[in-house]
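# quick one, structure for this:
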Amino acid sequence: PQISKIAEENETFRNINKAVEREGFKIIFLLRLSPLLPFALSNYVYGLSSVGFADFILATALGFAPGTCGLVYTASTARDMLSDSGTSQPWYVYAAGFAITAMLLKVVSDVASKAVQDAIDDEDEERAAAAVLDEVAAHADSKQVVSDTVDIKSRDRVDA
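Numbers count the residues shown, from 1 in each chain. Below is the predicted model:
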């Protein structure tokens, strides 16, 4: 209960929860690809959010696959480079692989951040539109009251 209260007061949690409520699988998948949240903290956040279990499991499995493959590749490359037999590829192949990995990590982080921000912006727009509609409805009601009052006064003058 205390952690839930702290999380509800945290703006980052509220923003991620809004995005997860709107597009659970997509947001979790992108955040699993991206290092925006530490693993343990993100698990806790998703546990507090309203995401479905199937979306969580599938997005987690698919989102971790590229990172797991990258770690295995990095370890294999390091082993090859440190072995006595030498490397099977020239150094620039490994450098290019590292550069591409870093670039993809940046792109995925940006896409995940944009997806969360878009979900927040969409909800803010919906809230603003609802407020405008409420204001228009209230204004229309007040005009109707004025119109009814004018009609009654007009009838009173005609009757007199």
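# what's the closest non-adjacent residue to Glu8?
Nearest residue to Glu8, sequence neighbours excluded (CB to CB, 6 or more residues apart in numbering): Arg14, at 7.0 Å. Backbone N, C-alpha and C define where each C-beta goes, glycine included.
# what helix or strand is the one you found located in?
Using DSSP states H and E, Arg14 sits in helix 11-22.
# tell me which other helices or strands that helix touches.
helix 24-33, helix 39-48, helix 91-159 (3 or more CB pairs under 8 Å, 6 or more residues apart in numbering; DSSP states H and E).
# now mean neighbour count and distance to Gly63 too, for those helices, in a markdown table please.
Formatted as a markdown table, the helices and strands packed on helix 11-22 follow (neighbours: other CB atoms under 10 Å; distance: least, CB to CB, whole Å):
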| stretch | mean neighbour count | distance to Gly63 |
| --- | --- | --- |
| helix 24-33 | 22 | 3 |
| helix 39-48 | 15 | 10 |
| helix 91-159 | 12 | 10 |
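# identify the residue spatially nearest to the residue most central in space within the chain, adjacent ones excluded.
The residue lying closest to the centre of the chain (CA atoms, centre = their mean) is Val116, at 2.7 Å. The shortest distance from Val116 to any non-neighbouring residue, by CB to CB, 6+ apart, is to Ala19 (4.4 Å).
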